[in-house]
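Undergrad: requesting a structural model of the entry that follows:
(2 chains)
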Amino acid sequence: VTRIVRAGDLIGMPVITLDGATLVGEVRDVLFDPGAARLVGFTLRGRGLLSPPLLGVLPAASLRSIGRDAVMIDAAAALIRDGDKVREHVAGRHEAPGSQVLTEAGERLGTITDVVLELGRGQAAAVVGYCLERDDGREVIVPVPAGAADWQEALVLPAHLEEQAAEGLLGFGALLERGRAMRSDAGT
Amino acid sequence: MELLLALGVAAVLVLALMGGYAFLKERRAGTVLAVPISSRNLAARASRSQRGRASSAHK
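TA: Purely as a prediction, here's the structure:
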C-alpha cells in the first residue's frame, strides 16, 4: 500500500525513535534528488522556541516509516550531526517552491509550490509529481517525467505533460494508477 | 562619561538585535530543497574516469 503526500506537509512532523520512543526533533527541510526522483532525507530542528534551529541531517536510508503523524527511525544515532557531513549532504541545494516551470516548447506552465511524494513500505519515497501554481492562480499537479533531470532556476517538462495535469492529490493518485495500468497492459 | 555609557548601551543593543536577527533567520520555516546528488555523482564518476584515462595514457 502506498500513500501520496505533499512534501511540504511533512515539515514540522515529529521524528521519533523506535528503540526508546524518544523525540529527536522535527522535520525542518525535505530534501529530494530531482535527477533520481527520490527523497534524500530531512534536516531536523529542535521543538520549542529556544531549541536548536538545525540538529542535523536524517538520510532517507535511516527512515523506518513516514506515518500520518510522525516519522519513525531506529535510533537517534541515525542523525548526522557533524557540520562538515551536513554541508556535504546539502551541497548545491536550491529551493523548489518558487522555481519556474517551462515546457520544452518554451511556454511557461507556472511556478512550483510543492513536490508530491509517494510513500511505500520498505522502499525509499519516490518523487512522483510537482504542484504548480498556474498564472491564473489555479493549482495543478503534473507527473515527474520518465528520465527526470536535475534543474536549477527552471524545471523544463515535455509539453504533453500539461495534458496530464490533475487537480488535487486524489485526482493525481488516480491519474498515476491509470498511467501504471496502461504501461503494464502495454508490457503484457 | 555619560556619552561613553550611552555608546556602550547602544553597542550592546545593536549586538543583541544582530544576534536576534541571525537566530530568527536560522529558525526560518522549513522548505522543500532539491539536492542534485545524481548530477554530483555523475560529475564525480566522469572526473574519475577522465583521471583514469589520463593516467593510463601517461603510462
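Undergrad: low-confidence ranges in chain A?
TA: A:121-123, A:188 (pLDDT under 70).
Undergrad: err, chain B, not the other one
TA: B:25-28, B:39-48, B:53-54, B:57-59.
Undergrad: tell me the contacts of whatever residue of chain B ends up closest to chain A?
TA: Per Cβ to the nearest Cβ, B:S38 is where chain B lies closest to chain A, at 2.9 Å. To be clear about C-beta, it is placed using only N, CA and C from the backbone, and glycine gets the same treatment. For B:S38, the contacting residues are A:D33, A:P34, A:G35, A:A36, A:D150, by Cβ atoms under 8 Å, 6 or more residues apart in numbering or on different chains.
Undergrad: for chain A, just list every one of the strands.
TA: Secondary structure of chain A, counting by DSSP state E: strands at A:3-6, A:14-17, A:23-33, A:38-45, A:56-59, A:63-66, A:71-73, A:94-95, A:100-103, A:108-119, A:126-133, A:139-143, A:154-157.
Undergrad: could I get the ones you listed as a markdown table with distance to chain B?
TA: Shown next, in a markdown table, are those (distance: least, Cβ to the nearest Cβ, whole Å):
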| stretch | distance to chain B |
| --- | --- |
| strand A:3-6 | 9 |
| strand A:14-17 | 12 |
| strand A:23-33 | 4 |
| strand A:38-45 | 5 |
| strand A:56-59 | 10 |
| strand A:63-66 | 14 |
| strand A:71-73 | 13 |
| strand A:94-95 | 5 |
| strand A:100-103 | 13 |
| strand A:108-119 | 5 |
| strand A:126-133 | 9 |
| strand A:139-143 | 14 |
| strand A:154-157 | 9 |
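Undergrad: now tabulate those strands in a markdown table and tack on mean neighbour count.
TA: A markdown table is the format used below for these (neighbours: other Cβ atoms under 10 Å in any protein chain shown):
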| stretch | mean neighbour count |
| --- | --- |
| strand A:3-6 | 16 |
| strand A:14-17 | 19 |
| strand A:23-33 | 22 |
| strand A:38-45 | 25 |
| strand A:56-59 | 22 |
| strand A:63-66 | 17 |
| strand A:71-73 | 19 |
| strand A:94-95 | 14 |
| strand A:100-103 | 17 |
| strand A:108-119 | 21 |
| strand A:126-133 | 22 |
| strand A:139-143 | 21 |
| strand A:154-157 | 18 |
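Undergrad: wait, which of those strands is closest to A:R178?
TA: strand A:139-143 (10.8 Å; Cβ to Cβ).
Undergrad: so which other helices or strands are in contact with that closest one?
TA: strand A:108-119, strand A:126-133, helix A:168-187 (3 or more Cβ pairs under 8 Å, 6 or more residues apart in numbering or on different chains; DSSP states H and E).
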